[in-house]
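Chemist: Below: sequence and its predicted model.
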Amino acid sequence: HPIWDPVSNFRDSKHLMPIITPCYPSMNSSYNVGEPQLRRIQDELRRATKISHDVCFGRKTWSDLFKGNDFFRQHANYLQVDIIGTQEDDFREWFGLCEARMRILIAGLENPSFGTQAYPFAKFFTRKEEDGKYMSSFFVALRFAEDIEKVDLRPLTMDYLQIVNSWEGRKESMDLAMNIVSQTNLPPFAFEVESAEKENELDDGSTSSETSTKTNEEGESSLNVVTTNADSREVTKTMPKSPPRSAKKKLELENDSGT
């Protein structure tokens, strides 16, 4: 059995956050952690450190440490990936494949050459739609470099789409959709966890000592986004940009519905 060895194995030496299993064969349990995931973890650790420091000086309580963050209020632009199935068993199998390969999509969206940064949200929103379809949504917040005039996301999503679309177990009941959505157009279910936490705070008689709903610290600028629907109709949207980026940019994403 191969064991994790960064000295003799080049691929192992490139792992960013090795957490090695204590049993034989030793393996890296955080193999899927890339630059975007590591950045999100570090951001949360820094946030926890700040809250803990405030607790020590009486400015906050330990309950503040366990409150969810405001991820869906921190960014202006999100890539929404919808995994869709019309049959429950097929959907479960299709979801397993798409979820297992999601790190490839996240790695593709994190591309300094294209001026993009990816901020994945570590949760899938799974539900059954009114039309009977089974659907699970995954969100990746996107930020763009100041000096980039135009960003085309199609090359950044190509590897992921090629892998899932070419899967030999793919059936007609399985589908995949990608859409750029602004913060103001996010689906309501993205805020359900946050709403539940606020209700619990009210029930407990506690109040949040710090709330942030700002999405643009430098003043709101706009971003022109050109996408295509599953039926290839072109749709143009204007959305606010994410801080701290300032210049207006045109971003093109051809939505691949899996066909």
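Modeler: Sure thing, it's come through.
Chemist: Next, give phi and psi for E168.
Modeler: phi -70, psi -20 (degrees, to the nearest 10).
Chemist: Could I get the full set of helices for the protein?
Modeler: Along the chain, the stretches classed as helices by DSSP state H are 10-13, 35-56, 62-65, 71-74, 88-100, 102-109, 154-165, 192-204.
Chemist: Make a markdown table out of the ones you listed and add distance to S173, mean neighbour count and mean pLDDT.
Modeler: The way it works is simple: take the backbone N, C-alpha and C, and place the C-beta from them, glycine included. Converted to a markdown table, the helices of the chain look like this (distance: least, Cβ to Cβ, whole Å; neighbours: other Cβ atoms under 10 Å; pLDDT from 0 to 100):
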| stretch | distance to S173 | mean neighbour count | mean pLDDT |
| --- | --- | --- | --- |
| helix 10-13 | 36 | 12 | 82 |
| helix 35-56 | 31 | 14 | 86 |
| helix 62-65 | 44 | 13 | 88 |
| helix 71-74 | 30 | 18 | 88 |
| helix 88-100 | 5 | 16 | 95 |
| helix 102-109 | 20 | 20 | 92 |
| helix 154-165 | 14 | 16 | 92 |
| helix 192-204 | 27 | 12 | 55 |
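Chemist: neighbours around A177, how many?
Modeler: For A177, the count of nearby residues is 17 (other Cβ atoms under 10 Å).
Chemist: what's the answer for the one 4 residues further on, then?
Modeler: V181 is flanked by 18 other residues according to other Cβ under 10 Å.
Chemist: mind checking pLDDT for it?
Modeler: If you check V181, the pLDDT there is 91.
Chemist: Quick check: it vs P36, distance?
Modeler: Going from V181 to P36 by Cβ to Cβ, to the nearest Å gives 18 Å.
Chemist: try F72
Modeler: Applying Cβ to Cβ, the value for F72 to P36 is 16 Å.
Chemist: which stretches of the stretch 101-250 of the chain form strands?
Modeler: Listed in chain order, the strands of the stretch 101-250 of the chain (DSSP state E, counting those that start in this stretch) span 116-120, 125-128, 134-144, 150-152, 174-182, 222-228, 234-240, 249-252.
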